[in-house]
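In: What follows is a predicted protein model with its sequence.
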Amino acid sequence: MGILDIVPPGVITGDNVRKLFEYAKEHKVRTNPNHSTSVPQNVTSSSTANAVLEAARDIKSPIILQVSQGGSAYFAGKGLANDKQQASILGAVAAAHHIRTVSKAYGIPVVLHSDHCAEKLLPWFDGMLEADEAYYKAHQEPLFSSHMLDLSEEPKEKNIATCVKYFKRMAPLGIWLEMEIGITGGEEDGVDNTGVDNSSLYTQPEDVYDVHSALSEISPNFSIAAAFGNVHGVYKPGNVRLHPELLAKHQAFARDKTGGKLEQPLFLVFHGGSGSTREEIQTAVNNGVVKMNVDTDTQFAYLAGIRDFVLKKKDYLLAQVGNPEGLDKPNKKFYDPRVWVREGEKTLAERVRVACQDLGNVSK
């Protein structure tokens, strides 16, 4: 039985998201988030979103497209003010409508997700939820599949209480919640955790279970990004010490507390996955990770195609007319954005395919 026997193509919501993640755990695959960008590719444009959808279609893979706060503002246009998160709200909604419009044509299930939202960015989160509620009134499902709250910098009690408050609002709409406990190091989208204490990069099983206990009273449709040494960005081998084997302890602790009915009761998330070894990825997947972010790698992949085209065709890009073939030869077919942007889409799509293959998320 394939994934399309379980959930439909296009953007999925509600229990279909849980069915997808249950399928991922059962078959030990992880759905590749795209931040469109950013596999996640956090999607920052229709171009990056389309490239990820194309890659997923070609390998018959379910996919996650996600927007970040900064990427959402970029999608709306960097010329717009964002002092009250208005550009980020507008861009996230615009990206969601674009993805909803085209995704079904690609024939694969899509989880439409918003990424890290720290406390200072809650107005952005509120704006997306308002859009979800409006869409639900018209279509009986939310605009987005899922949203992430990242209050990992706050005290545990405040983190959990805030998640509970929002989840009570989200669950009736059929929106999945991803939350983070324990800090992902490094820097992403203006949130800088480069100087945090090393112990904060490793979440304890008791803390993970406290989250599970509080949220499961509302709905089963949530996941937990528990830290195991994760760092955003990509670094030289040896500079970051990941311990995905610790995730097995979270599952065991939760299993004991819940009576052992499920071998892996937790849906876990792997942040800061760029540059990880295949062994680290496989260990994480085996321990119940259903989503892994590799935005840094896919950003570079998008650049690579454009960079190589510009370097190869440099002499055709210096003027509108005149190139090595003649002083009167036009260059429009080289500087047309549809040409060189497409080269970035190709290399991005290839990187997404590789990431999906690493996760076993192919021909599902």
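Out: Nice, thanks for sending it over.
In: how long is stretch 52-72 from one end to the other?
Out: Its first and final residues considered, stretch 52-72 spans 17 Å by Cα to Cα, to the nearest Å.
In: Ignore what I typed, I meant stretch 288-297.
Out: Stretch 288-297: ends 23 Å apart by Cα to Cα.
In: distance between it and the chain's centre?
Out: Mean-position distance between stretch 288-297 and its chain equals 7 Å (Cα atoms, centre = their mean, to the nearest Å).
In: now do stretch 216-235
Out: Relative to the mean C-alpha coordinate of its chain, stretch 216-235 is positioned 12 Å out (Cα atoms, centre = their mean).
In: is it true that residue 253 touches residue 203?
Out: No - with contacts counted by Cβ atoms under 8 Å, residue 253 stays clear of residue 203, the gap being 11.2 Å. Backbone N, C-alpha and C define where each C-beta goes, glycine included.
In: Strands of the stretch 101-250 of the chain, residue ranges please.
Out: Counting by DSSP state E, counting those that start in this stretch, residue ranges of the strands within the stretch 101-250 of the chain are 109-114, 146-149, 176-181, 186-188, 191-193, 222-226.
In: For residue 292, find the nearest of these.
Out: The stretch from the strands of the stretch 101-250 of the chain with the least distance to residue 292 (Cβ to Cβ) is strand 222-226; that distance is 10.2 Å.
In: Next, the angle strand 176-181 makes with that closest one.
Out: In this structure, strand 222-226 runs at an angle of 20 degrees to strand 176-181, with axes from the mean of the first three to the mean of the last three Cα atoms, to 10 degrees as the basis.
In: mind listing what's buried in strand 222-226?
Out: 222-226 (16 or more other Cβ atoms under 10 Å).
In: Same check on stretch 289-302?
Out: The neighbour-count check on stretch 289-302 (16+ other Cβ under 10 Å) flags 289-299, 301-302 as buried.
In: now for the host helix or strand of residue 97, which elements pack on it?
Out: Assigned by DSSP states H and E, residue 97 belongs to helix 86-103. In this structure, helix 86-103 packs against strand 10-11, helix 46-58, strand 63-67, helix 69-76, strand 109-114, helix 122-139, with contacts taken as 3 or more Cβ pairs under 8 Å, 6 or more residues apart in numbering; DSSP states H and E.
In: cutoff 6 Å now
Out: With contacts defined as 3 or more Cβ pairs under 6 Å, 6 or more residues apart in numbering; DSSP states H and E, the packing partners of helix 86-103 are strand 10-11, strand 63-67, helix 69-76, strand 109-114, helix 122-139.
In: Could you look over those and pick the most buried one?
Out: Of all these, strand 63-67 carries the top mean neighbour count, a mean of 31, counting by mean count of other Cβ atoms under 10 Å.
In: Pairing partners for that one, with directions?
Out: strand 32-34 (parallel), strand 109-114 (parallel) (DSSP bridges).
In: mean pLDDT lowest for which of those?
Out: Lowest mean pLDDT of those: strand 32-34, a mean of 53.
In: Helices of the chain, residue ranges please.
Out: According to DSSP state H, the chain carries its helices in the segments 15-27, 46-58, 69-76, 86-103, 122-139, 156-170, 205-216, 247-257, 278-286, 295-312, 332-335, 337-358.
In: Show me the one of those helices that comes nearest residue 319.
Out: Distances from residue 319 to each of the helices of the chain were compared using Cβ to Cβ; the shortest belongs to helix 332-335, at 9.3 Å.
In: contacts for that closest one?
Out: 313, 316-317 (Cβ atoms under 6 Å, 6 or more residues apart in numbering).
In: Could I have the buried ones of these as ChimeraX selection syntax?
Out: Command for ChimeraX, covering only those of the contacts of helix 332-335 found buried under the criterion 16+ other Cβ under 10 Å:
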select :313,316,317
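In: Can you lay out the contacts of helix 332-335 as CSV showing distance to residue 281 and pLDDT?
Out: As requested, those are exported to CSV (distance: Cβ to Cβ, whole Å; pLDDT from 0 to 100):
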residue, distance to residue 281, pLDDT
313, 36, 98
316, 40, 98
317, 39, 98
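In: Which member of the contacts of helix 332-335 is positioned nearest residue 137?
Out: When the contacts of helix 332-335 are compared for distance to residue 137, the smallest value, 49.2 Å, is given by residue 317; criterion: Cβ to Cβ.
In: Roughly how far does that closest one sit from residue 307?
Out: Residue 317 sits 12 Å away from residue 307, taking Cβ to Cβ, to the nearest Å as the criterion.
In: Could you check how far the closest residue to residue 113 other than its chain neighbours is from residue 264?
Out: Using Cβ to Cβ, 6 or more residues apart in numbering and skipping the chain neighbours, the partner closest in space to residue 113 is residue 66 (3.9 Å). Distance of residue 66 to residue 264, given as Cβ to Cβ: 23 Å.
In: One more: residue 226?
Out: Plainly put, residue 226 is 13 Å away from residue 264 if you go by Cβ to Cβ.
In: just to revisit the earlier point, of residue 253 and residue 203, which one has the most company?
Out: residue 203 (25 against 19; other Cβ atoms under 10 Å).
In: Wait, that one touches residue 229, no?
Out: No - contact criterion Cβ atoms under 6 Å: residue 203 and residue 229 do not qualify, at 10.1 Å.
In: residues touching residue 103, list them.
Out: Under the criterion of Cβ under 6 Å, 6+ apart, the neighbours of residue 103 are 10-11, 110.
In: I'd like to know which of these is nearest to residue 91.
Out: Here the nearest of those to residue 91, counting by Cβ to Cβ, is residue 11; it sits at 17.2 Å.
In: Residue ranges in the protein under the pLDDT threshold?
Out: Along the chain, segments meeting pLDDT under 70 span 28-40, 183-201, 230-240, 273-275, 363-364.
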